[in-house]
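Participant: can't give you the sequence, but here's the structure:
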């Protein structure tokens with residue numbers, strides 16, 4: 001009897017192992033496409049995984065993720081998107097505007113969830129925010145609407161500065177053009193002279209800041225761009241070294257020594273992209289998922305940097321800040 005029970009136990013285990021393996025093999029695969037590098041902002045990748053987990057999917061257990069990082073080389077994105085399509089992933093999560101456009105171009109059948117700062121209608125990604133149509137939906141922070149506010153905040157902090165620089169990544173034409181165009185009317189209303197300086201690699205930064213000094217720019221608005229987000233510590237240090245008061249979109253810029261930031265909660269946008277990917281895995285079609293907008297914007301100030309730059313921060317401005325770093 002004991003021998004028979006032992007043989008039965010071994011046989012059952014032998015059957016269970018292949019069943020488990022087959023179950024794991026059937027786990028859906030998400031293709032994650034981003035213009036960032038693999039070591040850029042790891043907390044944002046964690047936010048995507050958190051969104052998946054919040055909706056019932058844990059990487060390595062009941063879902064697999066194929067990561068494709070362009071390393072801030074936007075020209076690589078179409079090939080990476082095509083590779084994910086060839087691998088027949090269940091859904092593509094495209095993070096940043098260039099990645100979203102590449103994914104949209106690569107497939108009309110595989111669901112695509114984007115995260116970006118621009119207007120997905122103007123970019124041609126969806127027909128409308130409430131009824132996206134097709135295979136694409138996602139999350140936007142609509143940075144075009146926020147960009148002029150950064151310029152206004154910088155003017156409020158630096159009322160005597162009449163020449164302002166705008167740092168733009170020329171390789172990201174879709175984002176750079178729209179944000180700069182949105183800033184021009186605000187600059188005119190405020191009586192500011194706005195000058196665009198370009199940087200597409202870290203090697204360009206010193207020349208860009210030297211140009212700002214030549215222009216006698218009293219401040220700098222840094223374009224919302226994944227490349228600049230990856231380099232925000234260096235940008236904060238350079239702004240301090242060249243004594244150019246600068247504003248960007250993320251708190252991390254201020255924590256690294258930047259003067260000021262104003263923008264949506266990027267981590268929350270990435271988490272929501274993960275939630276949408278999970279909902280699609282559960283059977284919801286993209287056309288039925290309205291584009292979400294991260295509506296909360298946050299203002300952060302670094303008073304230590306302001307003091308180093310000889311800037312007195314008005315109390316009304318510091319009072320409106322979500323956080324003041326001293």
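Facilitator: Arrived safely, thanks for sending. In this text the structure is predicted, and so the values were computed from the model without any measurement.

Participant: where exactly do the strands run in the stretch 201-326 of the chain?
Facilitator: Assignment of strands within the stretch 201-326 of the chain using DSSP state E, counting those that start in this stretch yields the ranges 219-222, 246-248, 260-264, 292-293, 297-302, 323-325.

Participant: Same list (those strands) but as JSON lines, adding mean neighbour count and distance to residue 103.
Facilitator: The way it works is simple: take the backbone N, C-alpha and C, and place the C-beta from them, glycine included. JSON lines is the format used below for the strands of the stretch 201-326 of the chain (neighbours: other C-beta atoms under 10 Å; distance: least, C-beta to C-beta, whole Å):
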{"stretch": "strand 219-222", "mean neighbour count": "26", "distance to residue 103": "26"}
{"stretch": "strand 246-248", "mean neighbour count": "29", "distance to residue 103": "26"}
{"stretch": "strand 260-264", "mean neighbour count": "25", "distance to residue 103": "21"}
{"stretch": "strand 292-293", "mean neighbour count": "18", "distance to residue 103": "17"}
{"stretch": "strand 297-302", "mean neighbour count": "21", "distance to residue 103": "26"}
{"stretch": "strand 323-325", "mean neighbour count": "15", "distance to residue 103": "34"}
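
Participant: Of these, which is nearest residue 46?
Facilitator: When the strands of the stretch 201-326 of the chain are compared by C-beta to C-beta, strand 260-264 sits nearest residue 46, at 17.7 Å.

Participant: partners of the closest one, with directions?
Facilitator: strand 246-248 (parallel), strand 297-302 (antiparallel) (DSSP bridges).

Participant: which one of those strands lies closest to residue 267?
Facilitator: strand 297-302 (11.0 Å).

Participant: Can you list the neighbours in contact with the closest one?
Facilitator: Contact with strand 297-302 is made by 146, 149, 153, 251, 254-255, 257-265, 313, 317-318, 320-325, as judged by C-beta atoms under 8 Å, 6 or more residues apart in numbering.

Participant: coming back round to it: and of the strands of the stretch 201-326 of the chain, who's closest to residue 119?
Facilitator: Comparing the strands of the stretch 201-326 of the chain by C-beta to C-beta, strand 292-293 comes nearest, at 10.1 Å.

Participant: Give the rounded mean pLDDT of the closest one.
Facilitator: The pLDDT scores in strand 292-293 average 91.

Participant: now residue 290, nearest residue through space, not along the chain?
Facilitator: Take residue 290 and drop its neighbours on the chain: the residue closest to it by C-beta to C-beta, 6 or more residues apart in numbering is residue 130, 4.9 Å away.

Participant: how about low-confidence regions in the stretch 101-250 of the chain?
Facilitator: Along the stretch 101-250 of the chain, the model assigns pLDDT under 70 to residues 142-145, 173-184.

Participant: any chance you could map the helices in it?
Facilitator: 143-157, 173-190, 205-215, 226-230, 232-241 (DSSP state H, counting those that start in this stretch).

Participant: Please give the per-domain residue ranges for this protein, including any split domains.
Facilitator: 2-140+266-295, 143-263+298-325 (automatic domain parsing).

Participant: Hmm, residue 272 and residue 50 touching each other?
Facilitator: No - Residue 50 lies out of contact with residue 272 (C-beta atoms under 8 Å); the separation is 10.3 Å.

Participant: higher neighbour count, these two?
Facilitator: residue 272 (22 against 16; other C-beta atoms under 10 Å).

Participant: Am I right that the more buried one is in contact with residue 51?
Facilitator: Yes - using C-beta under 8 Å, residue 272 is in contact with residue 51, at 6.2 Å.

Participant: who touches both of those two?
Facilitator: Counting by C-beta under 8 Å, 6+ apart, nothing touches both residue 272 and residue 51.

Participant: okay, now the residue nearest to residue 290: neighbour count?
Facilitator: Using other C-beta under 10 Å: residue 130 sits among 8 other residues.

Participant: and it, how far is that from residue 291?
Facilitator: Counting by C-beta to C-beta, to the nearest Å, the separation of residue 130 from residue 291 is 8 Å.

Participant: Cool, thanks, talk later.
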